[in-house]
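> need a 3D model of the sequence below.
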Amino acid sequence: MTTRPTQVATPESGSDVDRTSTRATPTSIAQFELTVLHCRIAALEAALESERERRRAVVERYERLLDER
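Numbers count the residues shown, from 1 in each chain. Have a look, this model is predicted:
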(Lines give C-alpha, C1' and ligand atoms only; values in the text may rest on other atoms or scores of the structure.)
Protein backbone atom coordinates (compact mmCIF):
# COMPACT_ATOMS: atom_id res chain seq x y z
CA MET A 1 0.00 0.00 0.00
CA THR A 2 1.47 3.30 -1.10
CA THR A 3 0.61 6.47 0.76
CA ARG A 4 0.80 9.81 -0.89
CA PRO A 5 0.90 13.14 0.88
CA THR A 6 -2.22 15.20 0.50
CA GLN A 7 -0.27 18.45 0.79
CA VAL A 8 3.23 19.42 -0.17
CA ALA A 9 5.07 21.98 1.92
CA THR A 10 6.04 25.06 -0.02
CA PRO A 11 7.82 28.22 1.12
CA GLU A 12 4.51 30.06 0.80
CA SER A 13 2.71 27.58 3.06
CA GLY A 14 4.69 28.72 6.09
CA SER A 15 5.90 25.26 7.03
CA ASP A 16 9.30 25.89 5.53
CA VAL A 17 11.98 27.91 7.31
CA ASP A 18 11.81 31.61 6.66
CA ARG A 19 15.21 32.25 5.11
CA THR A 20 14.78 36.00 4.70
CA SER A 21 15.33 36.56 8.42
CA THR A 22 18.80 35.00 8.25
CA ARG A 23 20.02 37.05 5.31
CA ALA A 24 22.33 39.93 6.07
CA THR A 25 21.07 43.24 4.79
CA PRO A 26 23.43 46.01 3.73
CA THR A 27 22.37 47.95 6.84
CA SER A 28 23.13 45.06 9.21
CA ILE A 29 26.48 44.48 7.52
CA ALA A 30 27.34 48.16 7.91
CA GLN A 31 26.27 48.08 11.57
CA PHE A 32 28.43 45.02 12.17
CA GLU A 33 31.44 46.64 10.48
CA LEU A 34 30.88 49.79 12.53
CA THR A 35 30.76 47.74 15.72
CA VAL A 36 34.01 45.98 14.77
CA LEU A 37 35.67 49.33 14.12
CA HIS A 38 34.46 50.70 17.48
CA CYS A 39 35.94 47.65 19.21
CA ARG A 40 39.24 48.08 17.39
CA ILE A 41 39.34 51.76 18.33
CA ALA A 42 38.67 50.91 21.98
CA ALA A 43 41.45 48.31 21.95
CA LEU A 44 43.90 50.75 20.35
CA GLU A 45 42.99 53.47 22.85
CA ALA A 46 43.56 51.06 25.72
CA ALA A 47 46.93 50.04 24.29
CA LEU A 48 47.88 53.69 23.84
CA GLU A 49 46.97 54.51 27.43
CA SER A 50 48.99 51.53 28.68
CA GLU A 51 51.99 52.69 26.66
CA ARG A 52 51.64 56.22 28.02
CA GLU A 53 51.58 54.88 31.59
CA ARG A 54 54.61 52.70 30.92
CA ARG A 55 56.55 55.64 29.49
CA ARG A 56 55.51 57.86 32.39
CA ALA A 57 56.81 55.23 34.82
CA VAL A 58 60.14 55.07 32.95
CA VAL A 59 60.48 58.86 33.06
CA GLU A 60 59.67 58.95 36.79
CA ARG A 61 62.17 56.17 37.49
CA TYR A 62 64.83 58.04 35.50
CA GLU A 63 64.09 61.28 37.38
CA ARG A 64 64.41 59.45 40.73
CA LEU A 65 67.78 58.07 39.65
CA LEU A 66 68.95 61.54 38.71
CA ASP A 67 67.79 62.92 42.05
CA GLU A 68 69.79 60.26 43.90
CA ARG A 69 73.05 61.37 42.28
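> next, residue 24: secondary structure please.
coil (DSSP: H, G, I helix; E, B strand; the rest coil).
> find me the pLDDT at it, would you?
Note on residue 24: pLDDT of 78.
> residues contacting it?
residue 32 (C-beta atoms under 8 Å, 6 or more residues apart in numbering). C-betas here are computed from N, CA, C, even on glycine.
> now do residue 55
Applying C-beta under 8 Å, 6+ apart, no residues contact residue 55.
> please, which helix or strand holds it?
Secondary structure from DSSP states H and E places residue 55 in helix 26-68.
> how many neighbours does residue 57 have?
Burial measure for residue 57: 10 neighbouring residues, criterion other C-beta atoms under 10 Å.
> next, count neighbours for residue 33.
The burial count for residue 33: 10, using other C-beta under 10 Å.
> actually, residue 56.
Residue 56: 10 neighbours (other C-beta under 10 Å).
> residue 53 and residue 29: what is the separation?
37 Å (C-beta to C-beta, to the nearest Å).
> how much space separates residue 59 from residue 27?
In terms of C-beta to C-beta, residue 59 sits 48 Å off from residue 27.
> kindly report the same for residue 39.
Counting by C-beta to C-beta - residue 39 and residue 27 are separated by 19 Å.
> just the pLDDT for residue 12.
For residue 12, pLDDT reads 56.
> what do you get for residue 53?
Looking at residue 53, its pLDDT reads 98.
> and it, how many neighbours?
Neighbours of residue 53 (other C-beta under 10 Å): 10.
> same check, this time on residue 59
Neighbour tally, residue 59, other C-beta under 10 Å: 10.
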